[in-house]
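Chemist: Give me the fold of what follows.
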Amino acid sequence: MITARAAAIFEPVGRSVGTARSFVRDTLQGWGLADLIDDAVVLTSELVTNAVVHAGTSAEVHCLRDSKGVRIEVVDRHPERDLPVKEAMRGPADPDSEGGRGLMLCAALSARWGVEYTSSDKRVWFRLDQPTFPVGTRSAGPVLPVDALPTAEHRVRVAVVQVNGDETVTTWNQDARELFGHTEEQVTGKPLTDLAAWPQTPGTGTSIAEALTLSRWEGSYGLRAADGRTVPVYASHLRVRDAEGEPTTVCLLVREEESAILQSPARGLLPGFARDSAEHPGEALEALIGSPPPDDLDGLLQRTVERARDMLDGDAAFLLLATDDETELEVRASTGLPSTRQRFARVPVETGSGRYSSARMPSVHDDLATAPGAVPLLSGTGMHAVVTVPLKVEGRLTGSLGVASETPGRYRNEEALRLQFAADRIALAVESARLTELERMRRGSLSFLVEASELLAGTLDRDQTLALMAQMTVPTLATWCAVYTITEPGAEPVLSYVLHEDEDRIDGIKALLQRVDPPSPDVSLGVRSWTAPADAAHDTALRSSLRSLALGEYQGSGAPGTTLSTASAVGGETVILPLIARNRVIGLLTLGRPTDERFRQETLELAEDLSRRAALALDNARLYSERTAISQSLQRSLLPPELPEIPGVDVEVIYRAAGEGNEVGGDFYDLFPIREGAYGFAIGDVCGTGPLAAAVTGLARHALRLLAREGLGGPAVLERLNAAILDEGARARFLTLLYGELWPQPDGGALLKMVCAGHPLPLRLKPDGSVAPAAEPQPLLGVIEDLELHEETFVLAPGDVLLCVTDGVTERREGSRMLGDDGLAEVLSTCTGLTAGAVAARVLRAVERFASDSPSDDMAILTLRVPE
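Modeler: Reported below is the predicted structural model:
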């Protein structure tokens, strides 16, 4: 008696297969037939694929529920299409017949099935019955021998933790205290996530916080015990409503090694397989991959190949996953094969034109010796018989599973059918795990590229950029890397940086690469393999070994071992990625793996993204270095040459320009001979800092020298400089300047004539420690046209010190405090008896210590002293 019905129509497009699976899954879930969902979904998927993909017609799916189970019907509008019913009923079935695979699965998995024809349609149906258990039994497992039972501690402890809606702990039982050492008082009211030692690896799965919001969840995580240990646990969460209707989660926790206590029981053997379970116990999904299945893709694939090998009593097994375009298969797991069968190596899907040369169809080879190249992965491995079957999802090739034997003729179509059944049951799980891994890698790649971009953008130093490029690739993307740079178009690549995850091998790899011709910078070659390092390392290691054997002993300290170590380090796959920036190849990034290791395609794609960012960062560093060199060269041209030696006068100058990378700013100084026995000196401050101020600095310094050597006096020199500054127009900057002329005297001392145009007054220190201004203030330059100035004359006696500074010294601030003229005079008063250099150094030290932050203004200090 039918107790419930559900039906849906699906258009003849590929995505309808997935939609039909979801419809059946949701329908059976709603009817409470969870035990039948997996088989129903597998069979529906195959039958709908036959209709919408192969027959090209729409498909109707009818679900009919009764008291014993469910009947599912798939109806299409192409009744004249042949169905291999006879072939499906015969045994053993031919697994090469892809069109009849849906009916083979019906025969294997369903309690009953059939095909009905009408004048307008064709109806394929199958029936699944619910497992029957004794009264009071929800599920049951077989009787197992004692040594097959899961292990547990003598005293099993099950922690019961209740967490309310805001994720804080409300209940913590005695077993929880015994397991983790925390008392109930210590954890009550705290978020459970605070105890998490590894709630998840970001981007790879469900975190504890997410798991607490789900209606039901099982899985593993770690909790931090009171003594700091991390306790791995297996958890079962159930979300319920409390008496007030608020959601709360009940968590049952056991030690990870006792996970069998809480794991949901595996379903019993499927009805279609029950008949053969005694003869072929490995054909059930649970027997193939175990229960529960591994959480990660690599673990799932490795367990699959090991169980497939055991199921067919083979000597080796392998599993390959298809690329997105289904043109190549990538080795992802193997067992029983030599290490030369490299992981992530690729083989073509189509190896020839014959039926058995395609990975899209099941195939059985009695002896590979008679069909060399039929299975490239097994070439040279000693395997003879091999059976391979495709992994397909929605009619799309997702991989290939194979089992091989050293005995010719070991496998027949019956083994291919059994392996195909296993492959069909694992294909969905593998594809789901693959997509999860791709999503995890995508998130990890985005995070990696964001971090790499930030690091590369944080420096404009070429050498540091090269180091960052290498450090970001090793060991994340490669075991070792080398960066070649190209200074100009047409130049040979130059080895600029080498890095290996083992620092002891860097020198050996660098020496090897220096002996090898650099790779071609031809951008048209794109990303490509490079075998020269591996070939050179192999030849060097071989010659070294032969030389050692001929001599009867190793020469040197460990030389052959070092050579062999280098050969092993570069013996795997090596790829070259061009570094292209602004439509020019500026270098090459070389990535390498050790012997027998290859790169995943996803890794190479990520490396390409990184190389584009790194190339732009490296080119920016180059441009910055070039511009910095030009700027510094121009700035140095504004500084005076070496200071002349003045007889009888001790001179010292200290100059600090504000701003990173600036050697010259708005403050300037000069000391130069005017004529025999006469010297000019100047110290000034142009309004502002940086290049604009430096331009006026250059004008002032060169004009002073020229005018002074024309025989003009101090006032005339400054008046003409004032006119020159005003002639600059909008580029003009007002200028404070102290200019003086000095004549050393034969009997000691020096005659000075000075003009102070708006500049901080020079200070004169006498041997008795008194300090006084040595000039009077006058108008600054670059403001008014008709400027009248006068000079002041005095003699600098033996032991006297003349200190001239810019306002960067006197206006040094710390909050509301300022050093000022009085503070400078106080510092100078302590310099009695010091040389000119010591006086200048003490003043600078006082300025730097006056405030905690770095000086923000240019500073110049000029000190003249007549020795006693």
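Chemist: residue ranges of the strands in the stretch 501-650 of the chain, please?
Modeler: With DSSP state E, counting those that start in this stretch as the criterion, the stretch 501-650 of the chain has strands at 528-529, 574-581, 584-592, 650-656.
Chemist: And the ones you listed, which one averages the lowest pLDDT?
Modeler: Of all the strands of the stretch 501-650 of the chain, the minimum mean pLDDT falls on strand 528-529 (a mean of 84).
Chemist: Adjacent strands (with direction) for that one?
Modeler: strand 574-581 (antiparallel) (DSSP bridges).
Chemist: Without its sequence neighbours, what residue ends up closest to residue 681?
Modeler: residue 671 (4.7 Å; Cβ to Cβ, 6 or more residues apart in numbering). Placement of C-beta: from N, CA and C, glycine included.
Chemist: what about that neighbour, how many neighbours?
Modeler: 19 (other Cβ atoms under 10 Å).
Chemist: do the same with residue 644
Modeler: Residue 644 has 11 nearby residues by other Cβ under 10 Å.
Chemist: repeat for the one 3 residues further on
Modeler: Each residue near residue 647 was counted by other Cβ under 10 Å, and the total is 10.
Chemist: Just confirm the residue nearest to residue 681 is within a strand.
Modeler: Yes. Applying DSSP: H, G, I helix; E, B strand; the rest coil, one finds residue 671 inside a strand.
Chemist: per-residue confidence for it?
Modeler: The model's pLDDT for residue 671 equals 93.
Chemist: Helices of the stretch 251-400 of the chain, start to end?
Modeler: Here the stretch 251-400 of the chain has its helices, by DSSP state H, counting those that start in this stretch, at 271-274, 285-289, 297-311.
Chemist: Against which helices or strands is the helix or strand hosting residue 70 packed?
Modeler: Using DSSP states H and E, residue 70 sits in strand 69-76. Applying 3 or more Cβ pairs under 8 Å, 6 or more residues apart in numbering; DSSP states H and E, one finds that strand 69-76 contacts helix 37-49, strand 59-65, strand 122-129.
Chemist: helices or strands next to the last one in the packing?
Modeler: Think strand 122-129. Counting contacts by 3+ Cβ pairs under 8 Å, 6+ apart, strand 122-129 packs against helix 37-49, strand 69-76, helix 101-109, strand 112-117.
Chemist: And the last one, how far out from the chain middle?
Modeler: For strand 112-117, the separation from the chain centroid amounts to 55 Å (computed by Cα atoms, centre = their mean, to the nearest Å).
Chemist: can you give me the angle that strand makes with strand 69-76?
Modeler: Inter-element angle recorded for strand 112-117 and strand 69-76: 30 degrees (by axes from the mean of the first three to the mean of the last three Cα atoms, to 10 degrees).
Chemist: Tabulate the CA atom coordinates of strand 112-117 in CSV.
Modeler: Extracted in CSV, the C-alpha atoms of strand 112-117 (Å, rounded to 0.1, in the frame of the first residue of the first chain):
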residue,chain,number,x,y,z
ARG,A,112,14.0,-5.8,-7.0
TRP,A,113,14.2,-3.9,-10.2
GLY,A,114,12.6,-3.9,-13.6
VAL,A,115,12.0,-2.1,-16.9
GLU,A,116,8.5,-1.4,-18.3
TYR,A,117,7.7,-0.1,-21.8
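Chemist: Can you spell out which helices and strands pack onto it?
Modeler: By 3+ Cβ pairs under 8 Å, 6+ apart, strand 112-117 packs against helix 101-109, strand 122-129.
Chemist: Spatially central, which residue of the protein would that be?
Modeler: The C-alpha lying nearest the average C-alpha coordinate of the chain belongs to residue 448 (Cα atoms, centre = their mean; 2.5 Å).
Chemist: And the spatially closest residue to residue 599 that is not a sequence neighbour, how close does it get to residue 528?
Modeler: For residue 599, ignoring the flanking residues on the chain, the nearest one in space by Cβ to Cβ, 6+ apart is residue 573 at 5.6 Å. Residue 573 sits 11 Å away from residue 528, going by Cβ to Cβ, to the nearest Å.
Chemist: residue ranges with poor pLDDT in the stretch 601-750 of the chain?
Modeler: 635, 659-666, 688-691, 730-732 (pLDDT under 70).
Chemist: Quick check: pLDDT value at the nearest residue to residue 31 once chain neighbours are set aside.
Modeler: Excluding its sequence neighbours, the residue lying closest to residue 31 (Cβ to Cβ, 6+ apart) is residue 65, at 5.4 Å. For residue 65, the pLDDT comes out at 92.
Chemist: Surely residue 65 touches residue 30?
Modeler: No. Using Cβ atoms under 8 Å, residue 65 makes no contact with residue 30, being 10.0 Å away.
Chemist: about what we covered before: least confident of the helices of the stretch 251-400 of the chain, on average?
Modeler: Looking at the helices of the stretch 251-400 of the chain, the bottom one is helix 271-274 with a mean of 36.
Chemist: thinking again about what came up before, the residue nearest to residue 681 against residue 640, yeah?
Modeler: Yes. Shown here, residue 671 and residue 640 form a contact pair, counting by Cβ under 8 Å, at 6.8 Å.
Chemist: can you list contacts of stretch 833-851?
Modeler: 650-654, 656, 765, 767, 801, 803, 805, 809, 812-814, 817, 819, 823-824, 827-828, 830-831, 855, 859, 861-865 (Cβ atoms under 8 Å, 6 or more residues apart in numbering).
Chemist: Ok, stretch 670-678 next?
Modeler: So stretch 670-678 is contacted by 640, 643-644, 646, 651, 653, 679-683, 701, 704-705, 708-709, 741-744, 862 (Cβ under 8 Å, 6+ apart).
Chemist: Likewise for stretch 125-132?
Modeler: Counting by Cβ under 8 Å, 6+ apart, 33, 35-36, 39-40, 43, 68-74, 106, 109-116, 139, 267-268, 271 sit against stretch 125-132.
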